[in-house]
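J.: I would like to see how this sequence folds:
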Amino acid sequence: MKNVILILLITLISVINSYAQDYADEILLNMKVYTSIQEALDNPNDVSVLDLSNRNLSAIPSQLTQFQNLKVLYLQGNNINQLPDFISKLQQLRHLYLDGNNIGQLPNSIINLKYLRRFSMANNKLSDFSVLIDCSSLESINLSGNNISKIPSTISNLSSLKELDISFNKISDINPALFKLSKLEVLMMSHNNISVLPTGFVNLKNLKVLFLDGNKFSDIRNICSISSLQRLSISNCNITTISQLIGKMTNLKRLNLSYNKLSTFTLEITNLTNLEYLDISNNNITSIPNKISNLSKLYDFNLCNNSLNTFPELLQNIESLKHIGLSGNSRVMYPPMLDYEREIY
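T.: Presented below is the predicted three-dimensional model:
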């Protein structure tokens, strides 16, 4: 009994902490945003949010160290090529945005930012992000559009991580350590060189969003075990058939299978009764099964640019369906009244 109470207490504390952190983020977004160093220096202790994005900066101004209460720093769209060691003096920093610069390396001193929760450095020149692993407070990391080829084996140390975006890099193998991130909710690895999806995905019990578009794999069986998933995008891969196991992903609300090499519609997709959006466009599918009417929550169904021979008339039975993509199916004739009931594109 004591163990049960302890588990419930731990769960309650975790939920309270999560809400408290979300509320703190909301407060940060509503704080005054300083947009110049000069203005900020007039009231250095009042500066919580500083936006120096798109200022053609070649270096991060050293005056930033005077803002000891700085919590959010925007530096996107500059020409910065180095993150200086003095960044570690911003002890209260929660969010750091460095997207669209020329940074190729991170200083070891970044681990001193004990409260850093969100780090975004998309579209830079980073090849190794192992330094970030010791920033244990991080909840969100965006490193898309860099030169990363490997996921460090120590990534499992990021025990608080909820969102990871490493899309548009050069990753070919998924390090098994990634599957130890038990709090991960959003994982984006689109447009890499991944040819095999390993078995560990089943361990990501809280994963809700998974983007893997533009990779080289053809077998998706090992991601069909993620029962918590609500959004899956695997467009523009080498997929020729969809595993029947996809029918187990019953929490899916959005599924994108476009730009693959599918010739048949996998019947088990009709078991995904929570689907609201389904995109199977730009394949070679010739027919849709009658059980499509099981998808009673479907709102948008994109079938454009396939090889459909006939209009799937049972789609008319799905009352929630408001948008149907049919262009690029030259042989399809659909009921004229359908135009008045739903948007055809």
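J.: OK, contacts around Tyr115?
T.: 91-94, 137 (Cβ atoms under 8 Å, 6 or more residues apart in numbering). (Each C-beta comes from the backbone N, C-alpha and C, glycine too.)
J.: Do I have it right that Leu229 meets Asn206?
T.: No - checked against Cβ atoms under 8 Å, the pair Leu229 and Asn206 is beyond contact range at 10.1 Å.
J.: More neighbours: these two, which one.
T.: Under the neighbour definition other Cβ atoms under 10 Å, Leu229 and Asn206 were set side by side, and Leu229 has more, 23 against 13.
J.: For the more buried one, which residues are in contact?
T.: By Cβ under 8 Å, 6+ apart, the residues touching Leu229 are 207-210, 223, 249, 251-252.
J.: make it 10 Å
T.: Contact analysis of Leu229 by Cβ atoms under 10 Å, 6 or more residues apart in numbering lists 187, 201, 204, 207-210, 223, 249-255.
J.: That one looks like it's in a strand, true?
T.: No - assigned with DSSP: H, G, I helix; E, B strand; the rest coil, Leu229 falls outside any strand and is coil.
J.: what bridges to Leu232?
T.: Here Leu232 sits in beta bridges with Leu210, Leu255, going by DSSP bridges.
J.: For it, which residues are in contact?
T.: 207-212, 220, 223-224, 226, 246, 249, 252-257, 272.
J.: Equivalent analysis for Thr266, please.
T.: For Thr266, the contacting residues are 241-247, 257, 280, 285, 289, by Cβ under 10 Å, 6+ apart.
J.: likewise Asn271?
T.: Under the criterion of Cβ under 10 Å, 6+ apart, the contact list for Asn271 reads 244, 246-250, 252, 291, 294-295.
J.: likewise Pro84?
T.: Shown here is Pro84, whose contacts under the criterion Cβ under 10 Å, 6+ apart are 59-62, 64-65, 107, 109.
J.: For it, report the pLDDT, please.
T.: Confidence per residue is given as pLDDT, and for Pro84 that number is 96.
J.: State the distance from it to Tyr34.
T.: Distance, Pro84 to Tyr34, using Cβ to Cβ, to the nearest Å: 20 Å.
J.: got it, and Asn157?
T.: Following Cβ to Cβ, the distance that separates Asn157 from Tyr34 is 34 Å.
J.: Low-confidence bits of this structure, can you list those?
T.: Of all residues in the chain, those with pLDDT under 70 make up the ranges 1-29, 333-341.
J.: Let me see the ranges of the helices in it.
T.: 2-29, 37-42, 338-341 (DSSP state H).
J.: which one of the contacts of Pro84 is nearest Ser327?
T.: Sorting these by distance to Ser327 puts Ile60 at the head of the list, at 49.0 Å, by Cβ to Cβ.
J.: In this model Asn79 seems to touch the closest one, though I could be wrong.
T.: No - with contact defined as Cβ atoms under 10 Å, Ile60 does not reach Asn79; the gap is 11.2 Å.
J.: joint contacts of those two?
T.: Contact criterion Cβ under 10 Å, 6+ apart; residues shared by Ile60 and Asn79: Asn101.
J.: closest to Leu303 among the contacts of Pro84?
T.: When those are ranked by distance to Leu303 (Cβ to Cβ), Ile60 comes first, at 49.7 Å.
J.: Surely Lys32 and Lys71 touch.
T.: No - the pair formed by Lys32 and Lys71 falls short of the contact definition of Cβ under 10 Å, at 11.8 Å.
J.: Count the residues that sit near the nearest residue to Asn305 once chain neighbours are set aside.
T.: Using Cβ to Cβ, 6 or more residues apart in numbering and skipping residues adjacent in sequence, the residue nearest Asn305 is Gly328, 3.4 Å away. Residue crowding around Gly328 was assessed by other Cβ under 10 Å; the count is 14.
J.: With distance to Glu343 and neighbour count as extra columns, can I get the contacts of Pro84 in a markdown table?
T.: Putting the contacts of Pro84 into a markdown table (distance: Cβ to Cβ, whole Å; neighbours: other Cβ atoms under 10 Å) gives the following:
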| residue | distance to Glu343 | neighbour count |
| --- | --- | --- |
| Ala59 | 51 | 11 |
| Ile60 | 48 | 19 |
| Pro61 | 51 | 15 |
| Ser62 | 55 | 10 |
| Leu64 | 50 | 22 |
| Thr65 | 55 | 15 |
| Pro107 | 52 | 15 |
| Ser109 | 54 | 15 |
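J.: related to what we said a few turns ago, which of the contacts of Tyr115 count as buried?
T.: Neighbour counting by 16 or more other Cβ atoms under 10 Å classes 93-94 among those as buried.
J.: Sort out which one of the contacts of Tyr115 lies nearest Asn302 for me.
T.: Nearest to Asn302 among these is Arg94, at 38.7 Å by Cβ to Cβ.
J.: From Tyr34, how far out is the closest residue to that closest one other than its chain neighbours?
T.: By the measure of Cβ to Cβ, 6+ apart, the closest residue to Arg94 outside its immediate chain neighbours is Lys71, 4.6 Å from it. As judged by Cβ to Cβ, Lys71 and Tyr34 stand 12 Å apart.
J.: shared neighbours, these two?
T.: Each of 47-50 lies in contact with both Lys71 and Tyr34 under the rule Cβ under 10 Å, 6+ apart.
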